[in-house]
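Engineer: here are the coordinates; sequence isn't available:
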Ligand code: SF4
């Protein structure tokens, strides 16, 4: 069966990067007025040549987002179930070689966490784990989904990539969305950052969204970890991937995230820095390229940045997040996966959203819509 890898193999990283950096102001101006923007237009919009056009990009991005999504921002919160992990990832506090205490939440502990999350007002939860197939496996996911399904309208997962049959088993348990970030599309650097464990298999990860599409998952999330490699090139490959998936699996919906490398215990310094201004450029470029895709921003970013980005293309935001298993109720002091930057409560974030004339949405989906 064909997959994104067939397309990906026809591209060369260095040539792609060179073509982005060769874009001119004429290319950017053409992209700005195009009625349907192409991948070449996307390259122009993320290129250094687009930097002076940021205000125009932001105005178009705002207008397109309002037209498609209205004045609403969806709210979600992560629930870390486990920090056990057999992979070595150079940028993560849960990496196998990082000597931290490991914990996987029991059913009772999960419900303690759920009680706090529900008190915050959430109806959309993102389940997060490391990759430890002996303990945190399809069976564990089924039991967890079964346990929490009555309490949430929308359940997303950000766990290890699974086989097609596994995804097929989880959707009847109420799984709506799966996030699987490629981290970087630079194959050699990917190997350097993932030297051990199943995650070191670049191609298996690259083809995960294909398996999600084949399993008929409602929504999938893509992205790279910004800071590992040249962000413009990595984000071009994300756009290429999205473009392919939308055509191949048109029944699914898509979201994009753009996490910037954050400090953590024993942490890695970013190879490539991305400024706030460049992140705004990227968000606007994604919106100009694709009017349908959801764009999500997490508590990795500062409160000031998040306040200012609400109106420019974002459609969902997390708040009050804890990035350690048990962080809400069971074990609040345990080691986090990465440090949170915006520490405001969900209610403070909802107030900030309303102050900008937007409506915070706690529930945007109900499974009865597909029954
Ligand atoms: S990024 Fe994920 S797979 Fe890698 S070490 Fe962290 S938890 Fe494990």
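Structural biologist: That came through, no problem. All values derive from a computational prediction rather than experimental measurement.
Engineer: pop out the phi and psi values for residue 37.
Structural biologist: Main-chain torsions, residue 37, degrees, to the nearest 10: phi -90, psi 140.
Engineer: if I look at the residue nearest to residue 316 when sequence neighbours are not counted, how far off is residue 361?
Structural biologist: With sequence-adjacent residues excluded and distances taken as C-beta to C-beta, 6 or more residues apart in numbering, residue 316 is closest to residue 74, at 4.0 Å. Backbone N, C-alpha and C define where each C-beta goes, glycine included. Applying C-beta to C-beta, to the nearest Å, the value for residue 74 to residue 361 is 5 Å.
Engineer: that older thread, so is the residue nearest to residue 316 in a helix, a strand, or just coil?
Structural biologist: In terms of secondary structure, residue 74 is strand; the call rests on DSSP: H, G, I helix; E, B strand; the rest coil.
Engineer: that one and residue 318 touch, don't they?
Structural biologist: No: the pair residue 74 and residue 318 fails to qualify as a contact (C-beta atoms under 8 Å) at a distance of 9.8 Å.
Engineer: so where does the residue lying closest to residue 163 once chain neighbours are set aside fall, helix or strand?
Structural biologist: Ranked by C-beta to C-beta, 6+ apart and with sequence neighbours excluded, the top spatial neighbour of residue 163 is residue 211, at 6.9 Å. With secondary structure defined by DSSP states H and E, residue 211 is part of helix 208-214.
Engineer: list of residues touching that helix?
Structural biologist: The list of residues contacting helix 208-214 from outside it, by C-beta atoms under 8 Å, 6 or more residues apart in numbering, reads 1, 3-4, 161-164, 167, 178, 180, 220, 222, 241, 245, 248-249, 252.
Engineer: generate a PyMOL selection restricted to the buried entries among those.
Structural biologist: In PyMOL, the members of the contacts of helix 208-214 classed as buried (16 or more other C-beta atoms under 10 Å) are selected with the following command:
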select buried, resi 3+4+161+162+164+167+178+180+220+222+241+245+248+249+252
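Engineer: please flag which of the contacts of helix 208-214 sit within strands.
Structural biologist: Of the contacts of helix 208-214, the ones assigned to strands by DSSP state E are 178, 220, 222.
Engineer: residue contacts, the first one?
Structural biologist: Counting by C-beta under 8 Å, 6+ apart, residue 178 makes contact with 156, 157, 158, 167, 212, 217, 219, 220, 221.
Engineer: what's the burial count for the closest residue in space to the fourth one that isn't next to it in sequence?
Structural biologist: Looking back up the chat, that one is residue 167. With sequence-adjacent residues excluded and distances taken as C-beta to C-beta, 6+ apart, residue 167 is closest to residue 215, at 3.6 Å. The burial count assigned to residue 215 is 22, neighbours taken as other C-beta atoms under 10 Å.
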